[in-house]
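In: coords below, sequence missing:
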């Protein structure tokens, strides 16, 4: 009996501190709620008929990436696809991820562009971090990019032997739909080449956006053709190498944008080409030559 009594007493000694801590937690929680209610009531008393609750401000926007190159040169944005928790396509065996290939390729292209000295360049991401598709577009537009190039490496089903690079531009149907959506947006200020559309009628804003996007789409298609021409035989392309699609990163109305699928990560030949320094150098050389030709052509048209 003495032993049982001692065990019971020990249990009581352990239980009481736990109950005291639980009671203190409830008191503190109740006090916090009461304080919040009092603040809300004070705010309501100061402005009759209203109840104001103060919320934490939204987190600050991420800083814009660094821009390299001569200040008087046009800006090219390189957008390595995926990143962070989004690996993109994964090669058979799981050792090679699209997000790593695209970042390595973007760095190689940046070095090649800077060596030429005819354009400035910035990367949407220079580390393994996640960016939403909208954030990628907004980085380019905030920096005033004259050309936006999104870099990817495609994947195909196991039964598909697809291989070779593909260049995507925005389809006309997708462009019209995006123009309509932008025209309905509440915040349309400075959305088209510095023109404030905030006070424009919806139909006029839609027309202006559509006109700007048609010009932007034509510039993007012209660059895509230049890229294929400059690549020549140094970069393998699919037979249907020029395609259009409704891809978010192509939808900026005032920034010519293309998406380059450098090859298929699921194809052993393509993977060996994209993952090798020589293959990345060839892609970078083709992109740099196309960029130079693109801006030279636009300068000659002025």
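Out: Alright, I've got the coordinates. Predicted, not measured: the structure shown is a model, and the values here were computed from it.
In: mind checking the SS state of the closest residue in space to residue 98 that isn't next to it in sequence?
Out: Distances taken as C-beta to C-beta, 6 or more residues apart in numbering put residue 88 closest to residue 98, at 3.0 Å, once the chain neighbours are dropped. C-betas here are computed from N, CA, C, even on glycine. With DSSP: H, G, I helix; E, B strand; the rest coil as the basis, residue 88 sits in coil.
In: residue 88: neighbour count?
Out: Neighbourhood size, residue 88 [other C-beta atoms under 10 Å]: 19.
In: phi, psi of it?
Out: Residue 88 has phi and psi values of phi 70, psi -150 when expressed as degrees, to the nearest 10.
In: with residue 156 instead?
Out: The phi/psi pair for residue 156 (degrees, to the nearest 10) is phi -130, psi 150.
In: was I right about it contacting residue 268?
Out: No - when contacts are counted by C-beta atoms under 8 Å, residue 156 is not listed as touching residue 268 (11.9 Å).
In: those two: which is more packed in?
Out: Neighbours were counted for residue 156 and for residue 268 using other C-beta under 10 Å; residue 156 has more, 15 against 12.
In: that one: what's it in contact with?
Out: 162, 264, 266, 267 (C-beta atoms under 8 Å, 6 or more residues apart in numbering).
In: would you mind checking the residues you listed for buried ones?
Out: 264, 266, 267 (16 or more other C-beta atoms under 10 Å).
In: show me those that map onto strands.
Out: Within the buried ones among the contacts of residue 156, residues falling in strands by DSSP state E are residue 264.
In: adding distance to residue 276, write the buried ones among the contacts of residue 156 out as JSON lines.
Out: Putting those into JSON lines (distance: C-beta to C-beta, whole Å) gives the following:
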{"residue": "264", "distance to residue 276": "15"}
{"residue": "266", "distance to residue 276": "17"}
{"residue": "267", "distance to residue 276": "14"}
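In: identify, from the buried ones among the contacts of residue 156, the entry nearest to residue 138.
Out: Using C-beta to C-beta, the shortest approach to residue 138 within the buried ones among the contacts of residue 156 belongs to residue 264, at 29.5 Å.
In: distance check, the closest one against residue 124.
Out: 23 Å (C-beta to C-beta, to the nearest Å).
In: got it, and residue 86?
Out: 13 Å.
In: neighbour count winner among these two?
Out: Between residue 86 and residue 124, counting by other C-beta under 10 Å, residue 124 is the more crowded of the two (27 against 13).
In: just give me the neighbour total for the nearest residue to that one once chain neighbours are set aside.
Out: Closest residue in space to residue 124, ignoring its immediate chain neighbours: residue 79 at 4.5 Å, by C-beta to C-beta, 6+ apart. Residues near residue 79, counting by other C-beta under 10 Å, number 26.
In: what is the helix or strand where residue 79 lies packed up against?
Out: Using DSSP states H and E, the element containing residue 79 is strand 75-80. In this structure, strand 75-80 packs against helix 98-116, strand 120-123, helix 133-143, strand 147-154, with contacts taken as 3 or more C-beta pairs under 8 Å, 6 or more residues apart in numbering; DSSP states H and E.
In: next, count neighbours for the nearest residue to residue 99 once chain neighbours are set aside.
Out: Take residue 99 and drop its neighbours on the chain: the residue closest to it by C-beta to C-beta, 6+ apart is residue 82, 3.9 Å away. Per other C-beta under 10 Å, the neighbour tally for residue 82 reads 23.
In: and for residue 87?
Out: 15.
In: surely it meets residue 96?
Out: No - checked against C-beta under 8 Å, the pair residue 87 and residue 96 is beyond contact range at 9.8 Å.
In: how about the nearest residue to residue 90 once chain neighbours are set aside, what does it touch?
Out: Spatial nearest neighbour of residue 90, chain neighbours left out: residue 97 (5.4 Å); criterion: C-beta to C-beta, 6+ apart. Applying C-beta under 8 Å, 6+ apart, we find residue 97 in contact with 82, 87, 88, 89, 90, 91.
In: low-confidence stretches in the stretch 51-200 of the chain?
Out: Counting by pLDDT under 70, the stretch 51-200 of the chain shows low-confidence ranges at 51-56, 58-62, 159, 172-200.
In: can you show me the helices along the chain?
Out: Counting by DSSP state H, one finds helices in the chain at the ranges 2-46, 98-116, 133-143, 172-184, 202-231, 268-275, 277-300.
In: how about the last one: buried residues?
Out: Which is helix 277-300. 279-295, 298.
In: swap in the shortest one?
Out: Residues of helix 268-275 classed as buried under the neighbour-count rule (16+ other C-beta under 10 Å) are 270, 271, 273, 274, 275.
In: ok, now the third one?
Out: When neighbours are counted by 16+ other C-beta under 10 Å, the buried residues of helix 133-143 are found to be 136, 137, 138, 139, 140, 141, 143.
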